[in-house]
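>>> Any chance you can model this:
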Amino acid sequence: MFNGRMNRGEKRYIWQTEDWPHWRYDLSSLAGPLTDVSRAQGLLLGRLADLGMALRDQASLAALTEDVVKTSEIEGEVLSVQSVRSSIARRMGVDIGAVAPVDRHVEGVVEMVLDAATRASASLTAERLFGWHAALFPTGYSGMTRIAVGQWRTDAEGPMQVVSGPMGRRKVHFQAPSADLLTFETERFLAWANAETDEPMLIKAGLAHLWFVTLHPFDDGNGRIARAVGDLFLSRADGSPQRFYSLSAQIQRERKDYYEVLERTQKGTLDVTGWLSWFLGTLGRAVASSQTTLDAVLVKARFWQRWAGQSLNERQVKLLNRLHEGFDGKLTSSKWALIAKCSPDAALRDITQLLDLGVLQKTPGGGRSTGYKLAD
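From the prediction side, this is the model:
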């Protein structure tokens, strides 16, 4: 799914209703999802309370890395996990040993996600949103297309529409308000975002996400910025600048449902109970899924406690950390040499020592395709 510009259709969208943007929802029917989210948060915070600061930082680093990678993946962009992790670790002051090279695009997404999470109490302004947008598109291009960066879209090439499908058979899923309405509409949105309102903060996070993505005020990047806006309100709800779960990762896992409920809502009425129910349910599953991330952090910590007394070289430490962080594919001696930037002989010596210690074990198979994994 991508942004396009086509002739205005005859369909009516939520922003065209007479009472826009007076959102309505049945709070009593949302009590169950709100309770489920609170329960999941309580379980997670209970585990985190027993950890030291260093492990909490590692858990937050893992969650933020997943958030940055997945919010881009939803839009079809694949970022290097190692580059993202290095960028976040440097900004958090967390030592992760050897760091991976980071490009401007990765830095931009990281800057936006961290700004939303760590400066959640600061006002959400047009200038702040422009800064996020400029960070996402440091070259002024989206792919091969030059776009207006750090400013609202102009609709110079026609109405902003969300479409899918091949050329000639494209389906219009949504058409955003025209550019001449954006100054008024964004001012109204930002006034609400910065005001003390009656909505529970988790409800406000869901409404902010929906409202922003409905305005679709930029040439590109609206989905990522809408998720960052939602995350800002989730950080306010948590009352903490540290993030330990990723809503974007859960949305990526439920991407089809996300687009379906979003389209249905944007073509419906201002009663958005259905959208909020989906949002809260997804949020609850995101918080619950973070238990797996925390498990991985604890397993890695126990691993290094166990092997702290062994004299391992920098290459071995780097590759063992990569295995803990989720190695893509099978680790072979040739991959070891490539990643560690060493000779095949040095890679084999590294691996043999770890096999003798019982740190690594061989995977099924043999010959040149012999693979290695962390010992059970």
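
>>> For the chain, give me the ranges with low pLDDT.
For the chain, the stretches with pLDDT under 70 are 1-11, 97-99, 366-368.

>>> how close does Y25 get to P200?
Computed as Cβ to Cβ, to the nearest Å, the Y25 to P200 distance reads 11 Å. C-beta: built from backbone N, CA, C; applies to glycine.

>>> Looking at those two, which is more packed in?
Set side by side, Y25 and P200 show more neighbours around Y25, with 19 against 13, by other Cβ atoms under 10 Å.

>>> List the backbone torsions phi and psi for that one.
phi -160, psi 150 (degrees, to the nearest 10).

>>> what separates it from A191, distance-wise?
20 Å.

>>> Shouldn't F244 be within a helix?
No. According to DSSP: H, G, I helix; E, B strand; the rest coil, the state of F244 is coil, so it is not within a helix.

>>> Quick check: closest non-adjacent residue to it.
Spatial nearest neighbour of F244, excluding adjacent residues (Cβ to Cβ, 6 or more residues apart in numbering): A63 at 5.1 Å.

>>> show me what contacts that neighbour?
Going by Cβ atoms under 8 Å, 6 or more residues apart in numbering, A63 touches R243, F244, Y245, S246, S290, T293.

>>> again, 6 Å this time
By Cβ atoms under 6 Å, 6 or more residues apart in numbering, the contact set of A63 is R243, F244, Y245, S246, T293.

>>> quick one, phi/psi of the last one?
Main-chain torsions, T293, degrees, to the nearest 10: phi -60, psi -40.

>>> same check, this time on the third one
Backbone torsions for Y245, taken as degrees, to the nearest 10, come to phi -150, psi 160.

>>> how much space between it and Y259?
22 Å.

>>> who has more neighbours, these two?
Here Y245 and Y259 are set side by side on neighbour count (other Cβ under 10 Å), and the busier one is Y245, at 27 against 18.

>>> separation between that one and S142?
Taken as Cβ to Cβ, the span from Y245 to S142 is 29 Å.

>>> buried stuff in stretch 158-175?
Buried residues in stretch 158-175, counted by 16 or more other Cβ atoms under 10 Å: P159, M160, Q161, V162, V163, V172, H173, F174, Q175.

>>> Now do stretch 277-285: everything it contacts.
In contact with stretch 277-285 (Cβ under 6 Å, 6+ apart) are residues P33, D36, V37, A40, G206, L247, Q250, V261.
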